[in-house]
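Asker: turn this into a model:
(one chain, ligands or ions: 1)
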Amino acid sequence: MPLDLLGRPLRDLRISVTDRCNFRCTYCMPREIFGRDFEFLRREELLSFEEIARLAQLFAQLGVEKIRLTGGEPLLRRDLESLVEMLAEVKGIRDLTLTTNGSLLTREKAQALKDAGLNRVTISLDSLDDAVFRAMNDVNFPVTRVLDAIDAADAAGLWPIKIDMVLKRGVNEESIVDMARHFRGTGHIVRFIEYMDVGTTNGWRMQDVVPGREVIERIAREWPIEPVTPNYFGEVAERWRYRDGAGEFGVITSVTQPFCGSCTRARLTADGQLYLCLFATEGHDLRQPLRHRATDEEILEAIRSAWRVRDDRYSEIRSSETVGLPKVEMSRIGG
Ligand code: SAM
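Answerer: Sure thing, here's the model as predicted:
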């Protein structure tokens, strides 16, 4: 079980299964960049489900307990439930989850994923105001269809359902209280996420960030709330509960209150590059050894040796100089 240079264990693996998405969220895959001419990964470059499952087994041997499937939009990858079935069998994985925009999460799909062994889902939804949401996803996708996806996940028992909302100043902060109100008492957990300088194409500026503190203040003006102690070491969201028993919400403050000290996450791109930080500029190629008949021990050693020298703590050292670094895009590394 390797520890990195800052004493952090490897516990969570985020696996991107595709770099493609059917949304063009302006803060993530702006259509000026991710347009018709953008070169996405080719089919043969993507890891197969068998290759992903083999890597997952090896990661589990190194201490990974939690796997999140992501992308791009992971449900664009056909027959994702087959991969879920393989991952659900990996010894040591206690939590198998998926992040999706919900656009393809029908009742049948949600049930198939649940039956295959998926534990729960996180669904992204940036506003309940239809005009605001359509403008943010930039493909004119309506709020109602995401709410249907949430119902589908609920009906399939993919609990607890988390609803992730990225906040951008002047765009959707007026939706904070609406969002809290809508999901209070449903058992679903809204998480308000600070807009981050991932990649290089979204034109991030510090003044576009709505600090988590402000979210808490806005919600506290409406309902009495209190902090909840974290579930486990490395939990990213700061948790809050409504004192009237209507459930909880979270804030993810990676810009204003970084949590690198407890970061136990690694990320695998759809073409098998291992990244050790969301803001990394370079990955470690695992596809090459996978496809050149490396033994399990050789691949384990490649992962261990990368992790042992990990000293990333980007969010703690973020400055005007680091913002322009050639960081990997969110759609590629997996959100
Ligand atoms: N397509 C899926 C979805 O929409 O959930 C999974 C991938 S998406 C990259 C994962 C999450 O990252 C989404 O909730 C998205 O809003 C969030 N995200 C993308 N760019 C972001 C940024 N610059 N700052 C904060 N969150 C971001």
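
Asker: now do the same contact list for the residue nearest to Ser82 when sequence neighbours are not counted.
Answerer: Nearest non-adjacent residue to Ser82, counting by CB to CB, 6 or more residues apart in numbering: Phe49, 5.8 Å away. Yep, even glycine has a C-beta here, placed from its N, CA and C like the rest. Applying CB atoms under 8 Å, 6 or more residues apart in numbering, we find Phe49 in contact with 82-83, 86.

Asker: top of the residues you listed by neighbour count?
Answerer: Ranked by the number of neighbours (other CB atoms under 10 Å), the contacts of Phe49 place Leu83 first, at 23 neighbours.

Asker: please, which helix or strand holds that one?
Answerer: Leu83 belongs to helix 80-88 when assigned by DSSP states H and E.

Asker: distance between that helix and the chain's centre?
Answerer: Relative to the chain's own centre, helix 80-88 is displaced by 18 Å; criterion: CA atoms, centre = their mean, to the nearest Å.

Asker: check stretch 126-137 too.
Answerer: Centroid separation for stretch 126-137 versus its chain: 20 Å, with CA atoms, centre = their mean.

Asker: begin at 51 from now on, thanks
Answerer: Yes, from this point I'll number from 51; that puts the last item at stretch 176-187.

Asker: list the buried residues for that stretch?
Answerer: For stretch 176-187, the neighbour count (16 or more other CB atoms under 10 Å) marks 176-179, 182-183, 186-187 as buried.

Asker: same check on stretch 261-269?
Answerer: 261-262, 264-266, 268-269.

Asker: nearest to Arg315, out of the residues you listed: which one, please.
Answerer: For the buried residues of stretch 261-269, the residue nearest Arg315 by CB to CB is Gly262; the value is 19.1 Å.

Asker: now that closest one: phi and psi?
Answerer: As for Gly262, its main-chain torsions (degrees, to the nearest 10) stand at phi -50, psi -40.

Asker: ok, it to the ligand distance?
Answerer: 12 Å (CB to the nearest ligand atom, to the nearest Å).

Asker: please report the distance of that residue from Ala344.
Answerer: 42 Å (CB to CB, to the nearest Å).

Asker: show me the strands in the stretch 201-350 of the chain, by range?
Answerer: Under the criterion DSSP state E, counting those that start in this stretch, the stretch 201-350 of the chain contains strands at 212-217, 239-244, 275-277, 288-292, 298-302, 315-318, 323-325, 334-335.

Asker: contact residues of the stretch 251-385 of the chain facing the ligand?
Answerer: With CB under 6 Å from any ligand atom as the criterion, the stretch 251-385 of the chain comes near the ligand at residues 252, 380-381, 385.

Asker: tell me the residue furthest from the middle of this structure?
Answerer: What lies farthest from the middle of the chain is Arg343; by CA atoms, centre = their mean that is 30.6 Å.

Asker: quickly note the distance from that one to Ala106.
Answerer: Shown here: Arg343 relative to Ala106, a distance of 19 Å by CB to CB.

Asker: now swap in Ala296 and tell me
Answerer: Ala296 sits 37 Å away from Ala106 when distances are taken as CB to CB.
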